[in-house]
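Novice: coords below, sequence missing:
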């Protein structure tokens, strides 16, 4: 039996495929009453233990937000664990067969637009997250170092900020943002004192999809994968009544 | 019932979205053309990168806990914020220009598959035990990992683990997905994502690992699978694989050995493996396949050891812990092994072998790398995410025992935060970076980004330090990695080192010379060529006095009140003998700066025991320039 090939394909995936079965199980149990095995309780002892583990690693107690994140993660663990038991992963391999079928069905039904997202989809994504894809301001300037020479360009034209930071350092690049144009001004870099004449500063142009299509697609794709996992988890999670008890 | 239906619908949507990743119907990412990227006449700027990084597809990295894959690794390297496996926000202060992800070919994805497999299907008790450990939390996972590395080193894997059919299928599936991800992130002219893998060759616990890096894109590289090393002890099978790849696809591929410092003398042998004089054919083959060596990385520095270079006061950086034995600590180190482990000695051995056979097997340039197993290529002391996931920033990592299959002698602080490679390429593309590696026009740093130029010629003078001196360097000389043919008089070298603009000043630049004489013996000498404050720091006994020290360990800070931002010189070899084969490389030394344990001590309010490395002088090593005497 070649279980490993199967197991890796099935289990290497995000656990979203549990979803359908989870939903069916939920349908059988119904909403009312939340039977015992549909209840997850994170009690105060567990909350304290999480806090103690954190403190051991970081030498301080967790903030409220950090504590919430740890609790949410513990709930997530428990949900997946219970669903795995529910599927009988500890008992027989019938389930594995069923999940392989599900997997194949998912191949068959995969919408084409995910394999190759449309321009509209990507443009929408770009517009929605325009800050993330913002280009860089560019600078044209002349520079000389006081009392010496450096193997660095005396003059640059329309150079992006990151390129300037790579060559002249962060401090210098930051100073150019504030420099009045047109006259020689003192600017400090990691190399020493410069005199700099800023000729032109251009703000970052609005990002054009055609220029950065791959980057937008990568970002969109990663976000879809994450969102679909989150949706699948949410659907499973909604089948439980979760109680968190916090101590004093 | 309404609600159940909507959940089921949401389920279908989620399923179809998730189906994308492994979907055989999905469009393959294509290799992007480099045609539109301008190529400089000669290299204008240095491109920074990490040629050696592991993700969750590496068995040991997965075992140590990492749950980030190639996609996160690439996003991080190009400057985006990523959440580390243990939930910390991680971002580089400055992006890298390129990255090669080099997951172990042996057991590619295997440990992940083992961890994910239904435990009840595992018949082999050892595999069942590993499966349980891997799923029992970080400590168990690390224990399983140590046992797996140990079993690998000793070729004691359970038979079930080594089923060739399973391995091939699993490797193919992961490799295809990997190629797809890397192609999506390779952006010619902006960010180069190179394809590669690590060939994890071991002889017992002795480290003979090589990273394999391709020049090409998916169309060629998908015609092969990463070659596994298990069961072999010498690199010949790898070289044959590389030759076959080039013949079959018309592509190019190179290999870079690393961690010679834990090979117990086997990485740079005088003989062929197994003994017997090295033939010219063997030497030529090795040199053709392995133009570079990784000289510094997290698991220590391999430039030289104080035992080999007793008169070099800067020898011994990053050797603590690693000098005790081989990788697995299966065999302790004897002093006679050092010579086969350190790069300076290898360069010398190369000369002697060339004197004897006419071919130099160790004509290697040098690069730095992280070899990080966290998918995060961090090389800065104040932003170090550790060797593996268990050593992500936390209060105990500096003093933790590092049981890489052993229980002795190595602690967290022995890891160095560092290793990057500077590449003098004509563009930021796969072909340009690969070609620069082939001609060895590359250098290593222990983390900081100094800009270092080095040209050798016969007529350079002080005038060549101004004006268009880089052009003159290329026109009238050879850059780092090159070979000088015989000329008139003494060779002269343009030496230029510019500090990391966001880092520490420079203490000094040294030329390290190695040569052989007629008796077949090899020698080395360190020349201080140019240093800061020469007025105050006069040579005493042939040495430049120390630069001083501004480090405040308690605050993990330093100032640039000492040192110089730029050191430059034209140097000619005062001891040149036209009949002697020689090499010259630069070592650029920074002023002392705090090391990552000092930053940890500040962050976590630790009291570190004496002896822990809290400050050091970081450095850059260039590839050598060789001199061939007239035949």
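Specialist: Cool, got the structure. The shown structure was predicted, so the numbers you read here are calculated from the model rather than taken from an experiment. Numbering: from 1, shown residues only, chains lettered A, B, ... in the order given.

Novice: Could you pull out the helices in the stretch 451-600 of chain B for me?
Specialist: Using DSSP state H, counting those that start in this stretch, the helices of the stretch 451-600 of chain B run over B:469-476, B:596-604.

Novice: before we move on, what about chain A?
Specialist: With helices called from DSSP state H, chain A shows them at A:3-11, A:18-29, A:44-58, A:64-86, A:94-109, A:112-115, A:119-128, A:161-168, A:170-178, A:209-237.

Novice: quick one: the last one to chain centroid distance?
Specialist: A distance of 9 Å separates the C-alpha centroid of helix A:209-237 from that of its chain, computed with C-alpha atoms, centre = their mean, to the nearest Å.

Novice: buried ones in it?
Specialist: Across helix A:209-237, burial judged by 16 or more other C-beta atoms under 10 Å in any protein chain shown covers A:209, A:212, A:214-221, A:224-225, A:228-229, A:231-233, A:235-237. C-beta: built from backbone N, CA, C; applies to glycine.

Novice: Hmm, residue B:131 is touching residue B:112, no?
Specialist: No. Residue B:131 is beyond contact range of residue B:112, at 11.5 Å (criterion: C-beta atoms under 8 Å).

Novice: on that earlier part again, for residue A:59, which of the helices of the stretch 451-600 of chain B is the nearest?
Specialist: helix B:596-604 (5.1 Å; C-beta to C-beta).

Novice: How about residues contacting the closest one?
Specialist: Outside of helix B:596-604, the residues within contact range by C-beta atoms under 8 Å, 6 or more residues apart in numbering or on different chains are A:58-59, B:381-382, B:384, B:393-395, B:397-398, B:413, B:417, B:551, B:553-556, B:606-608, B:612-615.

Novice: Quick check: chain neighbours aside, which residue is closest to the closest residue to chain A within the stretch 401-550 of chain B?
Specialist: Scanning the stretch 401-550 of chain B for proximity to chain A using C-beta to the nearest C-beta identifies residue B:501 as nearest, at 2.9 Å. Leaving aside its sequence neighbours, residue B:501 sits nearest to residue A:169 (C-beta to C-beta, 6 or more residues apart in numbering or on different chains; 2.9 Å).

Novice: what's the one you found in contact with, if anything?
Specialist: So residue A:169 contacts A:189-191, B:501-502 (C-beta under 8 Å, 6+ apart).

Novice: of those residues, closest to residue B:540?
Specialist: residue A:191 (29.3 Å).

Novice: Next up, phi/psi of that closest one, please.
Specialist: phi -90, psi -20 (degrees, to the nearest 10).

Novice: Residue B:143 too?
Specialist: Torsion angles, degrees, to the nearest 10, at residue B:143: phi -70, psi -50.

Novice: What about it, how many residues nearby?
Specialist: Neighbourhood size, residue B:143 [other C-beta atoms under 10 Å in any protein chain shown]: 17.

Novice: ditto for residue A:73
Specialist: There are 12 residues near residue A:73, going by other C-beta under 10 Å.

Novice: contacting residues around it?
Specialist: Taking C-beta under 8 Å, 6+ apart, one finds nothing in contact with residue A:73.

Novice: ok, residue B:185 - contacts?
Specialist: A:218, B:71, B:74-75, B:78, B:191, B:193.

Novice: again, 10 Å this time
Specialist: By C-beta atoms under 10 Å, 6 or more residues apart in numbering or on different chains, residue B:185 lies in contact with A:214-215, A:218, B:29, B:70-71, B:73-75, B:77-78, B:99, B:101, B:191-193.

Novice: Residue B:266 too?
Specialist: B:201, B:203-204, B:206-208, B:233-234, B:260, B:273, B:326, B:337, B:340-341.

Novice: in the chain, what secondary structure element scores lowest on mean pLDDT?
Specialist: Looking at chain A here, since you left the chain open. The weakest-scoring helix or strand in chain A, judged by mean pLDDT, DSSP states H and E, is helix A:18-29 (a mean of 36).

Novice: actually chain B
Specialist: Per-SSE averages on chain B (mean pLDDT, DSSP H and E): minimum helix B:2-18, a mean of 32.

Novice: Run the angle between the helix or strand just after it and helix A:161-168 for me.
Specialist: Remark: after helix B:2-18, the chain's next helix or strand is strand B:45-53, criterion DSSP states H and E. Between the axes of strand B:45-53 and helix A:161-168, defined by axes from the mean of the first three to the mean of the last three C-alpha atoms, to 10 degrees, the angle is 100 degrees.

Novice: Indicate whether strand B:45-53 makes contact with chain A.
Specialist: Yes. Using C-beta under 10 Å from any C-beta of the partner chain, strand B:45-53 reaches chain A at B:45-48.

Novice: Now the buried members of those residues.
Specialist: B:45-48.

Novice: Settle it for me: which of residue B:131 and residue B:112 has more neighbours?
Specialist: More crowded of residue B:131 and residue B:112, by other C-beta under 10 Å: residue B:112, with 25 against 22.

Novice: May I ask which helix or strand encompasses that one?
Specialist: Per DSSP H and E: helix B:110-116 holds residue B:112.

Novice: so how far is that helix off the chain centroid?
Specialist: On C-alpha atoms, centre = their mean, the centre of helix B:110-116 falls 27 Å from the chain's centre.

Novice: so what does that helix touch, helix or strand wise?
Specialist: Secondary-structure packing of helix B:110-116 (3 or more C-beta pairs under 10 Å, 6 or more residues apart in numbering or on different chains; DSSP states H and E): helix A:3-11, helix B:59-63, helix B:125-134, helix B:138-153, helix B:164-185.

Novice: So for the shortest one, mean pLDDT?
Specialist: Along helix B:59-63, the predicted confidence averages to a pLDDT of 87.

Novice: And for residue B:187, the neighbour number?
Specialist: Residue B:187: 18 neighbours (other C-beta under 10 Å).

Novice: Correction: the previous question concerned residue B:322.
Specialist: 25.

Novice: now do residue B:372
Specialist: 30.

Novice: Now for it: which residues touch it?
Specialist: By C-beta under 10 Å, 6+ apart, the neighbours of residue B:372 are B:50, B:52-55, B:61, B:66, B:73, B:297-298, B:378-379, B:384-389, B:391, B:415, B:417, B:419.

Novice: partners of the longest strand along chain A in the sheet?
Specialist: For chain A, the strand with the greatest residue count under DSSP state E is strand A:192-202. Sheet pairing of strand A:192-202 (DSSP bridges) gives strand A:138-145 (antiparallel), strand A:184-189 (antiparallel).

Novice: Give me the residue at the spatial middle of chain A.
Specialist: residue A:223 (6.9 Å; C-alpha atoms, centre = their mean).

Novice: Could I get the contacting residues of that residue?
Specialist: A:125, A:129.

Novice: what's the most buried one of the helices of the stretch 451-600 of chain B?
Specialist: Mean neighbour count, computed with mean count of other C-beta atoms under 10 Å in any protein chain shown, is highest for helix B:596-604 among the helices of the stretch 451-600 of chain B, reaching a mean of 22.
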